[in-house]
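Q: no sequence for this one, just the structure:
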Ligand code: SF4
């Protein structure tokens, strides 16, 4: 079916952030330097396409260090960060480890540590069981951080503790939801200490703003990204809240809803920080098989952030 009036609005920035680019480069450079296999603890970034292509180059993905069957091989920690116990265990086992934790996640780790040293009890705003949350909680002794996941939990947060309180956040949260959670906490804890510099990272913020900018103009919106990618899932929520209720995550097993697409005049597309641009291109090619359309990229800001890889890989 052909329909020349259809327009695709491509949100920009979208896709890979500097932390994801760096983590992938670390895996590739480690394989180059030490040969295959190279172990990677947890999906290096939450994207099946990326994980599968690194597997093909010689990466072996594991969840815990005790799955390593050859301790002479290097192991890489994923971009999401790890609890302190993980590098400690690697040292004890004499494993060559390379840390691909995004520097912006490490920044939150150091912040949490400094606040703890300064006598603060911490509140971490984030999602239970997400590896980044596990990593951040694992920077401090058990019981030093309380997790608050949403507004309801913020309302219920018990403030009877006679402690100085500070908060930090996961880097990939919804900016708007986090503002609401912080407001609720601040009403209960007027002296609640805030992070010196925003914990939600530049990439999360920019991708959400770019989606917000075009969502209300779209009849249907697609975010390319994996189901376990926090920032991709947040982009779908942002698109829905910003005026396009008809918003979907397109992951490796998604069935493209062509019936709904054929009724749309304007289609919005973005992708999460761990989704490569090739997946956006593939999706657009799939659409072209059924409909014709014009593409307009709507860029709200240029990103030029690059993170260096660890010196031992140079
Ligand atoms: S989304 Fe943000 S915190 Fe996560 S890897 Fe990318 S830049 Fe780092």
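A: All right, it came through fine. This is a predicted model, so every value here is computed, not measured.
Q: interface residues of the protein facing the ligand?
A: For the chain, the residues in contact with the ligand (C-beta under 6 Å from any ligand atom) are 17-20, 79, 102, 104-105, 171-172, 201, 203-204, 231, 273. Yep, even glycine has a C-beta here, placed from its N, CA and C like the rest.
Q: Would you give the sheet partners of the helix or strand encompassing residue 296, along with the direction of each?
A: When secondary structure is defined using DSSP states H and E, the element that contains residue 296 is strand 294-299. Paired with strand 294-299 in the same sheet, following DSSP bridges, are strand 7-12 (parallel).
Q: So for the residue in the stretch 151-300 of the chain that the ligand sits nearest to, what pLDDT did the model give?
A: Nearest to the ligand in the stretch 151-300 of the chain, going by C-beta to the nearest ligand atom, is residue 201, at a distance of 3.2 Å. If you check residue 201, the pLDDT there is 98.
Q: was I right about it contacting residue 79?
A: No: between residue 201 and residue 79 there is no contact under C-beta atoms under 8 Å: 11.1 Å.
Q: Now list whatever residues contact both of the two.
A: Common contacts of residue 201 and residue 79 (C-beta atoms under 8 Å, 6 or more residues apart in numbering): 19, 102.
Q: For those two, indicate the residue with more neighbours.
A: It is residue 79, of residue 201 and residue 79, that has more neighbours when counted by other C-beta atoms under 10 Å, with 30 against 26.
Q: Give me the phi and psi angles of that one.
A: Backbone torsions of residue 79, given as degrees, to the nearest 10, read phi -60, psi -20.
Q: Same check on residue 17?
A: Dihedral angles for residue 17 - degrees, to the nearest 10 - are phi -100, psi 180.
Q: who are the neighbours in contact with it?
A: So residue 17 contacts 201, 202, 203, 273, 303, 305 (C-beta under 8 Å, 6+ apart).
Q: Check residue 232 too.
A: 46, 223, 224, 225, 226, 249, 271, 272, 273, 274, 275 are the contacts of residue 232 under C-beta under 8 Å, 6+ apart.
Q: related to what we said a few turns ago, so which of the contacts of residue 17 are in strands?
A: Among these, no residue falls in strands (DSSP state E).
Q: What's the nearest residue in this protein when you look at the ligand?
A: For the chain, C-beta to the nearest ligand atom, closest residue to the ligand: residue 19, 2.4 Å.
Q: host element of that residue?
A: Using DSSP H and E, the element containing residue 19 is helix 18-34.
Q: which residues sit against the helix or strand just after that helix?
A: Using DSSP H and E, the helix or strand that follows helix 18-34 towards the C-terminus is strand 38-41. Contacts to strand 38-41, defined as C-beta under 8 Å, 6+ apart, come from residues 27, 30-31, 54, 58-65, 68, 73-78, 82, 86.
Q: Count the neighbours of the residue nearest to residue 163 when sequence neighbours are not counted for me.
A: Using C-beta to C-beta, 6 or more residues apart in numbering and skipping residues adjacent in sequence, the residue nearest residue 163 is residue 121, 4.1 Å away. Other residues within reach of residue 121 by the criterion other C-beta under 10 Å amount to 17.
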